[in-house]
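Peer 1: Fold the following for me, if possible:
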Amino acid sequence: MTKRGAKATRPPDPGQWTIRYATQDSGNGWENLCQQQPNVMRMLFDRLSDDPLHSDNRDRQHPLKGSLGTAVISGRTLPQWQFELAGGGRVWYTIDDATHTVWITKATARHPNETK
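Peer 2: So this is what the prediction gives:
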């Protein structure tokens, strides 16, 4: 049930991926990044909606490695990727091919300690 005054979400275009927050923290981090870097976050949202497996030659968007290379969502182990933002910020996400869903697992304006 939707609350009065809640923000309306844009329905995906045919073939686009649905983007969801894996945790409340990842949702809060995403919203904070949207306020701090709206242009980049709009571009990232469009890219994740269209092709979350995109990898560019500047290495801003790529799969994570080692133990960070996967994350468990709803009991399923999924590949985990990251998009690097200016100033050390990162957005981590998993790709669920079965449901055509991108799960935001971490969104932070600072470089995550896990990758140091």
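
Peer 1: show me what contacts the spatially closest residue to Thr108 that is not a sequence neighbour?
Peer 2: Take Thr108 and drop its neighbours on the chain: the residue closest to it by Cβ to Cβ, 6 or more residues apart in numbering is Gly29, 5.3 Å away. The C-beta positions use only the backbone N, C-alpha and C, and glycine is treated the same way. With contact taken as Cβ atoms under 8 Å, 6 or more residues apart in numbering, Gly29 is in contact with Lys106, Ala107, Thr108, Ala109.

Peer 1: OK, contacts around Gly69?
Peer 2: For Gly69, the residues meeting the contact criterion (Cβ under 8 Å, 6+ apart) are Pro63, Pro79, Gln80.

Peer 1: Buried among the residues you listed? Need that as a selection in PyMOL.
Peer 2: Typed into PyMOL, the line below selects the buried ones among the contacts of Gly69, using 16 or more other Cβ atoms under 10 Å:
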select buried, resi 79+80
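
Peer 1: which ones among the contacts of Gly69 are found in strands?
Peer 2: Taking DSSP state E as the definition of strands, these contribute Pro63, Pro79, Gln80.

Peer 1: Now tabulate those residues in CSV and tack on distance to Lys7.
Peer 2: Converted to CSV, the ones in strands among the contacts of Gly69 look like this (distance: Cβ to Cβ, whole Å):
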residue, distance to Lys7
Pro63, 31
Pro79, 29
Gln80, 27
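
Peer 1: Nearest to Pro52 among those?
Peer 2: Distances from Pro52 to the ones in strands among the contacts of Gly69, taken as Cβ to Cβ, are shortest for Pro79 (9.7 Å).

Peer 1: Would you agree that closest one is in contact with Asp96?
Peer 2: No. Shown here, Pro79 and Asp96 do not form a contact pair, counting by Cβ atoms under 8 Å, at 9.3 Å.
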